[in-house]
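Colleague: With the sequence up front, the predicted model follows.
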Amino acid sequence: HRQKKNRNHLDHQRKHKSLSTSTAIETSRTRQQMPGPTPTMMAFTAAAAVLMAAGAAAFTPTPYLPDLLTFANGTAVTRNSWPDRRQELKHLLQSTIVGTLPPQRPPLTSATVVSSNMTHTVKDERVRLEFDTSAGGIIPSVSFEIQILTPQLHGDDSLLPVFMTQWNHLQWALVGVSRGYVAVRYPGADVLDVTPQFQHAYNGTATMALIVARAWVASLTLDYVMTLDTVNTSQVSITGHSRNGKQSLLAAAFDERITAVVGSSPGAPISAPYRFSSANFYGEGPKTGHVAGFWWLKSIEQYAGHPENMPVDGNAVLGLIAPRMCAIANGWQDHEGDVTIADEMNVRSALTAYTLLDAQKNLRILHRPGDHHGFLLVSTYFDWFDKAFGRLNTAFPVLEGSFPLTFLTAAGFDWSTWNATFSPVAPPPSSPLLDRVAWLLSMDQSSKGQLALAPASAYAEETEDFLYISDMLHHTITKSSGIRRQPVAFGKYVTANMYWHDQTASAAADTLPVVIWLHPYSYSTGYVSTYGQSNVWEDLAAAGFLVVAYDQIGFGLRNREGGPNFYARYGDSASLFGQMVVDVMAAVDMVVCLSSQGKDVATCSDASIAGLPTLPAPDANKIFVVGYSLGGNVALHAAALDPRIAGVGAFAAFTPYRTDTKAKPTGGLRRLFEMHALLPRLGLFQDNPEHVPYDYDELIASVAPRPVLLYTPQSDRDATFADVNATVARVLPAWERHHASKALTHIANPNEITEMTGTQAKVAVEWATAVAGHTKRNT
């Protein structure tokens with residue numbers, strides 16, 4: 001179904017003396033043949049700068065992605081004004097994240113065929129391109145070599161689509177050739193990179209950082225490719241993986257000649273916006289990975305901990321690609337910054353631009369199982385390109401329907417639909433606290449820990465014999481030698497790992513204290529940290545605790561159990577947050593069953609526990625819960641509902657409901673009831689937060705006199721510190737009444753952002769050691 005060649009359509013002809021001769025295209029002729037500067041890949045315009053200046057003061061920090069259909073000055077974008085908004089987005093991206101492109105595009109002065117080889121199926125050419133960079137005022141020219149692989153389709157004179165990729169993706173290029181594409185490799189990759197030469201050539205006139213500069217090299221390469229008499233200039237595709245995926249998306253955003261793109265696990269901030277890929281997402285923030293000042297502008301570091309202050313984010317890139325074909329390929333358990341919810345939130349935001357341009361079907365997310373590397377289905381990328389170019393074989397329609405728009409995370413949850421479907425009625429304010437908590441969490445009476453004790457089971461999604469899941473999720477990787485691990489299942493088939501240090505277990509005369517560790521909003525990695533965050537569960541195990549760690553529902557191994565899938569299954573009879581609390585209590589059940597107390601409980605003697613090897617004996621009287629961000633919030637609620645929990649450590653865990661208004665930079669209650677789809681009933685109070693059935697002062701006070709650690713960074717992106725501090729002041733009397741004021745610990749370091757590094761992990765270990773009356777193992 002390829003388009004037939006139309007020689008009259010070609011503006012340029014490529015002429016070689018012979019297949020065996022290297023021939024330079026003369027400078028004079030090249031300048032006539034080659035396209036001039038491409039406006040879509042040039043630096044931002046003066047008009048865009050004026051728009052930005054007018055709107056700079058109007059920008060309001062928001063944890064949500066900036067609206068693509070609103071100008072910086074607050075006016076609405078229409079279809080007619082979309083071109084102006086595109087110019088503004090280009091300026092914002094260049095001035096905030098990627099760096100500015102040269103003000104003048106260098107002309108292509110020569111193209112030399114360095115080598116040419118022919119087989120019966122493929123023509124393999126190396127061509128050296130030279131560009132006049134004298135306008136930069138530093139060096140006169142820059143040249144680089146590209147590879148062009150052209151399939152030889154005997155008897156078929158159709159114009160061929162173009163596939164562009166980076167130098168390290170040769171095998172991807174060969175897949176493209178096998179699918180009938182002219183494949184072009186250019187030197188914009190770590191293994192071969194001409195980019196630094198262009199950055200040097202325009203030092204002083206452009207600030208382009210590495211990734212956008214590589215995208216610019218792709219665009220310069222396309223100046224030549226578009227002159228080839230074998231290619232269909234309206235069918236140009238590009239892809240690359242990881243950092244190459246970032247540049248592929250940027251190339252398509254800035255060069256409208258690219259008509260289809262797949263970003264393969266691109267990550268932050270291009271496909272995974274910083275707002276959903278920072279420390280409390282276990283993602284890649286502006287300061288992680290040492291990429292500020294290298295991949296991106298150094299100035300992005302000012303947004304570390306507070307991405308809500310960024311006037312632009314990754315959704316602008318996808319918006320600039322609209323209405324052309326664009327797909328993000330994402331691995332569910334990506335540990336290298338391509339956070340699933342971030343990709344999905346990006347796609348959801350960019351759909352507004354695609355809808356404005358009547359192109360909703362041209363934007364998709366391509367999910368796959370696994371980590372950042374592995375399970376890549378490159379053929380699927382070419383299915384997407386074939387779909388874009390009308391090349392799918394209609395005799396096999398299975399591929400035509402293989403691109404549904406599917407959201408795995410809360411990005412696919414629509415609170416207005418939930419609200420239109422259910423009408424829950426809040427209990428009166430005079431109701432007991434636990435009833436009000438249970439109502440907000442959509443927990444019925446049996447979910448408040450009243451079930452009979454349930455044991456652990458050796459039948460779990462992870463086992464010691466089959467390590468493919470454990471290895472993929474990094475559950476087997478520890479920095480401390482001597483850490484032992486035992487996979488178990490508990491509750492509603494929740495797979496967990498129990499960690500302990502073998503020296504501690506062998507030296508223990510009696511039992512070990514227990515810590516249940518609860519992770520933050522780490523959708524892709526679950527309880528395993530990335531990018532400089534600490535694996536607190538490992539530090540606790542090394543210190544001598546028996547640690548229970550598992551992925552909360554909707555995260556890591558359980559990511560497909562959350563989001564819209566959860567509410568499609570349970571409606572209003574449960575909430576994600578409520579299920580997280582139930583899971584904590586089920587974990588407590590498991591620990592009690594494994595302790596000496598469980599010997600006398602009939603339900604603890606279930607035969608499923610027989611498959612477990614000998615574990616260190618847990619102390620059922622010393623079960624603590626420690627959590628960070630979302631995990632800290634869950635921990636506080638679990639401690640309030642389950643008196644068996646001996647103490648709770650909560651890091652960057654909460655901001656009071658009743659003062660978390662829409663105007664706050666936290667995003668207000670919507671952060672919990674829609675952004676993360678945790679507490680849908682909380683949305684009923686979005687206009688009247690003062691009517692939320694309970695608040696954290698009452699909740700935390702109910703835990704007294706048990707030990708509580710509240711670690712509240714004063715620059716927490718999800719909290720208003722003054723409100724948190726006031727809450728702590730109100731709950732202190734609850735401990736004083738028990739003469740236990742020292743059991744309430746509040747740490748609030750000035751200027752500290754939301755993160756869980758070694759500093760915070762040390763605090764967690766020392767607190768748990770102190771309240772457990774435990775002698776920390778010497779590490």
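Modeller: Ah, there it is.
Colleague: and Y694, what does it touch?
Modeller: L433, R436, V437, L440, Y657 (CB atoms under 8 Å, 6 or more residues apart in numbering). In this view, the C-beta of every residue, glycine as well, is placed from N, C-alpha and C.
Colleague: Which one of those residues is nearest to P693?
Modeller: Nearest to P693 out of the contacts of Y694 is R436 (CB to CB; 3.9 Å).
Colleague: thinking again about what came up before, I'd like to know which of the contacts of Y694 are buried.
Modeller: Buried subset of those (neighbour count, 16 or more other CB atoms under 10 Å): R436, V437, L440, Y657.
Colleague: Just the closest of those to P689, please.
Modeller: Closest approach between the buried ones among the contacts of Y694 and P689, by CB to CB: Y657, at 5.9 Å.
Colleague: Roughly how far does that closest one sit from D723?
Modeller: From Y657 across to D723, the span is 10 Å (CB to CB, to the nearest Å).
Colleague: Contacts only, for A726.
Modeller: Contact analysis of A726 by CB under 8 Å, 6+ apart lists P656.
Colleague: Which positions in the host helix or strand of it come out as buried?
Modeller: Under the criterion of DSSP states H and E, A726 resides in helix 721-736. By neighbour count on 16+ other CB under 10 Å, the buried set for helix 721-736 is F721, D723, V724, N725, T727, V728, R730, V731, L732, A734, W735.
Colleague: between those, which is closest to D551?
Modeller: Checking the buried residues of helix 721-736 against D551 by CB to CB gives V724 as the nearest, at 27.1 Å.
Colleague: Stretch 636-648: end-to-end distance?
Modeller: Stretch 636-648 has its terminal residues 7 Å apart, counting by CA to CA, to the nearest Å.
Colleague: Give me the mean pLDDT for it.
Modeller: Across stretch 636-648, pLDDT averages out at 97.
Colleague: Okay, buried residues for that stretch please.
Modeller: Result for stretch 636-648 [16+ other CB under 10 Å]: buried residues L636, H637, A638, A639, A640, L641, D642, R644, I645, A646, G647, V648.
Colleague: In CSV: the residues you listed, plus distance to N751 and secondary structure.
Modeller: As requested, these are exported to CSV (distance: CB to CB, whole Å; DSSP: H, G, I helix; E, B strand; the rest coil):
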residue, distance to N751, secondary structure
L636, 24, helix
H637, 29, helix
A638, 30, helix
A639, 29, helix
A640, 31, helix
L641, 34, helix
D642, 35, coil
R644, 37, coil
I645, 32, coil
A646, 33, coil
G647, 28, strand
V648, 26, strand
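Colleague: Kindly indicate which of those residues lies nearest E766.
Modeller: When the buried residues of stretch 636-648 are ranked by distance to E766 (CB to CB), G647 comes first, at 13.4 Å.
Colleague: Kindly provide the distance from the closest one to G773.
Modeller: Going from G647 to G773 by CB to CB gives 11 Å.
Colleague: So which elements touch the lengthiest helix in the chain?
Modeller: Taking DSSP state H as the criterion, the chain has its longest helix at helix 576-594. Where contact means 3 or more CB pairs under 8 Å, 6 or more residues apart in numbering; DSSP states H and E, helix 576-594 is packed against strand 483-490, strand 494-501, strand 512-518, strand 546-550, strand 618-628, helix 630-641.
Colleague: Now distance to V261 too, for the ones you listed, in a markdown table please.
Modeller: Formatted as a markdown table, the helices and strands packed on helix 576-594 follow (distance: least, CB to CB, whole Å):
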| stretch | distance to V261 |
| --- | --- |
| strand 483-490 | 40 |
| strand 494-501 | 37 |
| strand 512-518 | 38 |
| strand 546-550 | 37 |
| strand 618-628 | 36 |
| helix 630-641 | 33 |
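Colleague: quick revisit: tell me the one of the contacts of Y694 nearest S595?
Modeller: Nearest to S595 among the contacts of Y694, with distances taken as CB to CB, is V437, at 27.0 Å.
Colleague: which secondary structure element contains the closest one?
Modeller: V437 belongs to helix 433-440 when assigned by DSSP H and E.
Colleague: cool, T745 as well?
Modeller: Applying DSSP H and E, one finds T745 within strand 744-747.
Colleague: Past that strand, which element shows up next along the chain?
Modeller: helix 758-771.
Colleague: Out of the helices and strands packed on helix 576-594, which gets nearest to T288?
Modeller: Among the helices and strands packed on helix 576-594, strand 618-628 sits nearest to T288 (CB to CB), with 16.2 Å.
Colleague: In the closest one, which residues are buried?
Modeller: P618, D619, A620, K622, I623, F624, V625, V626, G627, Y628.
Colleague: again with stretch 274-293
Modeller: For stretch 274-293, a neighbour-count test (16+ other CB under 10 Å) marks 274-289, 291-292 as buried.
Colleague: ok, the closest residue to V291 other than its chain neighbours to T239 distance?
Modeller: Distances taken as CB to CB, 6 or more residues apart in numbering place E284 nearest to V291, at 7.9 Å, with adjacent residues excluded. From E284 over to T239 the distance is 20 Å, taken as CB to CB.
Colleague: one step back: quick one: which of the buried residues of strand 618-628 is nearest E344?
Modeller: Comparing the buried residues of strand 618-628 against E344 with CB to CB places Y628 closest, at 22.5 Å.
Colleague: Now I148: which helix or strand?
Modeller: Using DSSP H and E, I148 sits in strand 141-151.
Colleague: State the paired neighbours of the next helix or strand after that strand in the sheet, together with their directions.
Modeller: Sequence order places strand 160-166 as the next helix or strand after strand 141-151, per DSSP H and E. Strand 160-166 has its sheet partners listed here by DSSP bridges as strand 182-186 (parallel), strand 231-241 (parallel).
Colleague: For the ones you listed, give me TSV that also has distance to Q579, mean pLDDT and mean neighbour count.
Modeller: TSV is the format used below for these (distance: least, CB to CB, whole Å; pLDDT from 0 to 100; neighbours: other CB atoms under 10 Å):
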stretch	distance to Q579	mean pLDDT	mean neighbour count
strand 182-186	48	98	26
strand 231-241	35	97	24
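Colleague: For these, give me TSV that also has distance to S702.
Modeller: Shown next, in TSV, are these (distance: least, CB to CB, whole Å):
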stretch	distance to S702
strand 182-186	62
strand 231-241	50
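Colleague: Out of these, the one nearest D157 is which?
Modeller: D157 lies closest, by CB to CB, to one member of the strands paired with strand 160-166: strand 231-241, at 12.1 Å.
Colleague: Check which helices and strands the helix or strand just after that closest one sits against.
Modeller: Next helix or strand after strand 231-241 toward the C-terminus (DSSP H and E): helix 243-254. In terms of contacts (3+ CB pairs under 8 Å, 6+ apart), helix 243-254 is packed against helix 82-93, strand 160-166, strand 188-189, helix 210-225, strand 231-241, strand 260-264, helix 315-321, strand 325-331.
Colleague: what would the ones you listed look like in CSV with distance to Q486?
Modeller: Shown next, in CSV, are the helices and strands packed on helix 243-254 (distance: least, CB to CB, whole Å):
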stretch, distance to Q486
helix 82-93, 48
strand 160-166, 43
strand 188-189, 42
helix 210-225, 43
strand 231-241, 35
strand 260-264, 36
helix 315-321, 43
strand 325-331, 27
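Colleague: Quick check, E284 in contact with I270.
Modeller: No. E284 is beyond contact range of I270, at 10.8 Å (criterion: CB atoms under 8 Å).
Colleague: just to revisit the earlier point, name the residues that touch the helix holding V437?
Modeller: Contacts with helix 433-440, where a contact means CB under 8 Å, 6+ apart, come from 424, 426-427, 429, 431, 443-445, 447-448, 578, 637, 640-641, 679, 681-682, 692-694, 698-699, 702.
Colleague: Show me which of the residues you listed are buried.
Modeller: Among the contacts of helix 433-440, those classed as buried by 16+ other CB under 10 Å are 443, 447-448, 578, 637, 640-641, 679, 681-682, 692-694, 698-699, 702.
Colleague: Could you tell me which of the residues you listed belong to helices?
Modeller: Mapping the buried ones among the contacts of helix 433-440 onto helices (DSSP H) picks out G578, H637, A640, L641, E698, L699.
Colleague: residues contacting P269?
Modeller: Contacts for P269 (CB under 8 Å, 6+ apart) come out as I97, S277, E284, P286, W296, D313, G314.
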